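Novice: Next come a sequence and a model predicted from it.
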Amino acid sequence: MECISVFDMLKIGVGPSSSHTLGPWRAAEQFLAEIRERKLIDNINRIKVDLYGSLSLTGKGHATDLAVMLGLSGADPEYIPVESIDVIISAIKNKKEIFLGNEIIIPFDVETDIVFNKNFLPFHANGLTFTIFTDSEEYSSTFYSIGGGFVVKEDANNSKENSEIKCAFPFPIDKADELLAFCQKENKKISEIVYENEKSMRSEEVIHSELLRIWDTMLECMYIGCHTEGTLPGGLNVRRRAYDMHKNLIGVLPYDNPHSWLQIIRQTEVKFRQILKWVSCFALAVNEVNASLGRVVTAPTNGSAGVIPAVLMYYMVIENHEANEAQIKQFLMVAGEVGSIFKKGATISAAMGGCQAEIGVSSAMAAAALCEVMGGTPEQVLMAAEIAMEHHLGLTCDPIGGLVQIPCIERNTMGAIKAINAAELALETDPKNAKVPLDKVVNTMWQTAKDMNNKYKETSEGGLAITVNLADC
């Protein structure tokens, strides 16, 4: 049984992409661990990185090359000060050397030692191979970034990541109907079932603190995005919109930090148009930070990182002004569990399933979580997830210039609004009248992914990515 924790689905990291940035970064860390274990690191005189498939085709736009360099340098994406990223990268490029694992300085030429191979490896669309050279031998290891920052090797027995997510939950769940059965048998909410599973892995104190750290990261990300103006990097010259939208919404009310900001938003006007604008503003803010190599929470991916924070913030500042830490934890646990069901039964990788696997899954996660904190039954919660995904089926991934900007940033606003709509529909529906169970939609999404043409799967070889090019921008 594959036991995926909430903290596997909601990871703190650096943008712009979980599968193309965070995954390769983590792969580089795992490779460093391998060569340390083999006692090879002291004898290395050269290292080469080969990127394959989608990692190659959109690697520049997704900062895959930068992520690999940062990972090989020994930096941790969860804790690295984001302002130091440019300093590290510039030093590597200018000096043409890398401080490998903070242990040994070796020559490293970005132009020749990171190779972009357009061909796809058979196992997964996101493959990368690290090769080190010593005076007497060379050693290679291949990793696959399978979405949401998860990294595996083709041989599961050799995968550190794979071994870490094998466990013995008291309520093992692969499918939505299994989750529902546990809820009914134990007379528990979905979040309560998830909490029992999490307690089998870590203490209640750690669960509490880590869930709130995730929320604080989300809140800070929204705050930064709403207070930063200018143009996003990458060449598309995309102007940040959250700053202007937020300025028009917030008015002149005083605040000085993210938490006082949240309280002030509760005092603003909440007519329908303002609600739409606030939710869109929160989502835009997160993904503009993500596009700038800022710190976000992968939820379940970086490209879809704005949906869950926007919907949770909507609940906190508009729907329930009394919401506190209990509801925040409840929301995040439900979201994480629904995301894990999609990961097990389908995919959360746009390189495998198009954007339905990112925005669609994040919208389903947010819809389910919102439905529970608003009083929905487990049946209604799963219905909310189903409704949200049902209306994202077939959504393609076609980023212009290989950047997580157009149409990715706006899609987070759409996913958030759909999630709220899906939760409301589920709350007003008797589950006995539901025609489509969540597991059927998960299966349908996976079948749709397999049928989808590869040029619509994060390759920038179809759709808007070729209709609009950098010259047009």
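Specialist: In hand now; what should we look at?

Novice: in what helix or strand does residue 168 lie?
Specialist: Here residue 168, judged by DSSP states H and E, is contained in no helix and no strand.

Novice: In the stretch 351-473 of the chain, mark out all the strands, start to finish.
Specialist: Along the stretch 351-473 of the chain, no segments are classed as strands by DSSP state E, counting those that start in this stretch.

Novice: low-confidence ranges in it?
Specialist: The model of the stretch 351-473 of the chain has pLDDT under 70 over residues 469-473.

Novice: Select the longest strand from this structure.
Specialist: strand 138-147 (DSSP state E).

Novice: Whichever helix or strand comes after that one pairs with which strands?
Specialist: Helices and strands here follow DSSP H and E; after strand 138-147, the next one along the chain is strand 150-152. Sheet partners assigned to strand 150-152 using DSSP bridges are listed as strand 138-147 (antiparallel).

Novice: By neighbour count, which bits of the strand it pairs with are buried? Give me those.
Specialist: The neighbour-count check on strand 138-147 (16 or more other CB atoms under 10 Å) flags 141, 142, 143, 144, 145, 146, 147 as buried. Heads up, the C-betas are built off the backbone N, CA and C, glycines and all.

Novice: I'd like the mean pLDDT over it, please.
Specialist: Averaging pLDDT along strand 138-147 gives 95.

Novice: Let's see it as CSV, backbone CA atoms only.
Specialist: Written as CSV, here are the backbone C-alpha positions of strand 138-147 (Å, rounded to 0.1, in the frame of the first residue of the first chain):
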residue,chain,number,x,y,z
GLU,A,138,32.4,7.3,-14.4
TYR,A,139,29.2,6.7,-12.6
SER,A,140,25.7,7.6,-13.8
SER,A,141,22.2,7.6,-12.2
THR,A,142,18.9,8.4,-13.7
PHE,A,143,15.9,9.9,-11.9
TYR,A,144,12.3,10.8,-12.9
SER,A,145,10.4,13.8,-11.7
ILE,A,146,6.9,12.4,-11.7
GLY,A,147,5.0,15.6,-10.6
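
Novice: Just the buried residues of the one helix or strand residue 337 maps to, please?
Specialist: Secondary-structure element containing residue 337, defined by DSSP H and E: helix 325-345. Residues of helix 325-345 classed as buried: 327-345 (neighbour count, 16+ other CB under 10 Å).

Novice: Likewise for stretch 218-233?
Specialist: 218, 219, 220, 221, 222, 223, 224, 225, 226, 228, 232.

Novice: again with stretch 435-454
Specialist: 437, 438, 439, 441, 442, 444, 445, 446, 448, 449, 452, 454.

Novice: Now do the fourth one against residue 435, distance only.
Specialist: Right, the one you point to is residue 441. To residue 435, residue 441 is 11 Å away according to CB to CB, to the nearest Å.

Novice: got it, and residue 339?
Specialist: Using CB to CB, one gets 24 Å for the distance from residue 339 to residue 435.

Novice: Kindly report the same for residue 356.
Specialist: 20 Å.

Novice: Where does pLDDT dip in the protein?
Specialist: 1, 156-167, 469-473.

Novice: Name the nearest residue to the residue nearest the centre of it, sequence neighbours excluded.
Specialist: Geometric centre of the chain, nearest residue: residue 301, 1.7 Å, by CA atoms, centre = their mean. In space, and not counting its chain neighbours, residue 301 is closest to residue 18: 4.2 Å by CB to CB, 6 or more residues apart in numbering.

Novice: so who does that neighbour touch?
Specialist: Residue 18 makes contact with 11, 147, 148, 149, 298, 300, 301, 302, 303, according to CB atoms under 8 Å, 6 or more residues apart in numbering.

Novice: do residue 155 as well
Specialist: Applying CB under 8 Å, 6+ apart, no residues qualify as near residue 155.

Novice: Please report the distance of it from residue 148.
Specialist: Taking CB to CB as the measure, residue 155 falls 21 Å from residue 148.

Novice: Residue 203 now?
Specialist: 25 Å.

Novice: Specify which residue of the two has the higher count of neighbours.
Specialist: Counted by other CB atoms under 10 Å, residue 203 and residue 148 do not tie: residue 148 has more neighbours, with 31 against 10.

Novice: the longest helix in this structure is where?
Specialist: Ranked by number of residues, the top helix in the chain under DSSP state H is helix 204-226.

Novice: going on from that one, what's the next piece of helix or strand?
Specialist: helix 242-250.

Novice: Now do that next one against helix 204-226: the angle between them, please.
Specialist: 90 degrees (axes from the mean of the first three to the mean of the last three CA atoms, to 10 degrees).

Novice: outside of helix 242-250, which residues touch it?
Specialist: Here helix 242-250 makes contact (CB under 8 Å, 6+ apart) with 225-229, 264-265, 268, 274, 277-278, 280-281, 284-285, 288.

Novice: In PDB, list the C-alpha atoms belonging to it.
Specialist: Provided in PDB are the C-alpha atoms of helix 242-250 (Å, rounded to 0.1, in the frame of the first residue of the first chain):
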ATOM      1  CA  ALA A 242      -2.100  41.200  -8.200                       C
ATOM      2  CA  TYR A 243      -0.500  44.400  -7.000                       C
ATOM      3  CA  ASP A 244      -2.900  46.700  -8.800                       C
ATOM      4  CA  MET A 245      -5.900  44.500  -8.100                       C
ATOM      5  CA  HIS A 246      -5.100  44.400  -4.400                       C
ATOM      6  CA  LYS A 247      -4.500  48.200  -4.300                       C
ATOM      7  CA  ASN A 248      -7.900  48.800  -5.600                       C
ATOM      8  CA  LEU A 249      -9.600  46.300  -3.300                       C
ATOM      9  CA  ILE A 250      -7.800  47.100   0.000                       C
END
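
Novice: which parts of that helix are buried?
Specialist: Residues of helix 242-250 classed as buried: 242, 243, 245, 246, 250 (neighbour count, 16+ other CB under 10 Å).

Novice: quick one: contacts for residue 360?
Specialist: By CB under 8 Å, 6+ apart, the contact list for residue 360 reads 388, 389, 392, 393, 395, 415, 445.

Novice: measure the residue nearest to residue 404 when sequence neighbours are not counted to residue 403 for me?
Specialist: Spatial nearest neighbour of residue 404, chain neighbours left out: residue 16 (3.9 Å); criterion: CB to CB, 6+ apart. Using CB to CB, residue 16 is found at 7 Å from residue 403.
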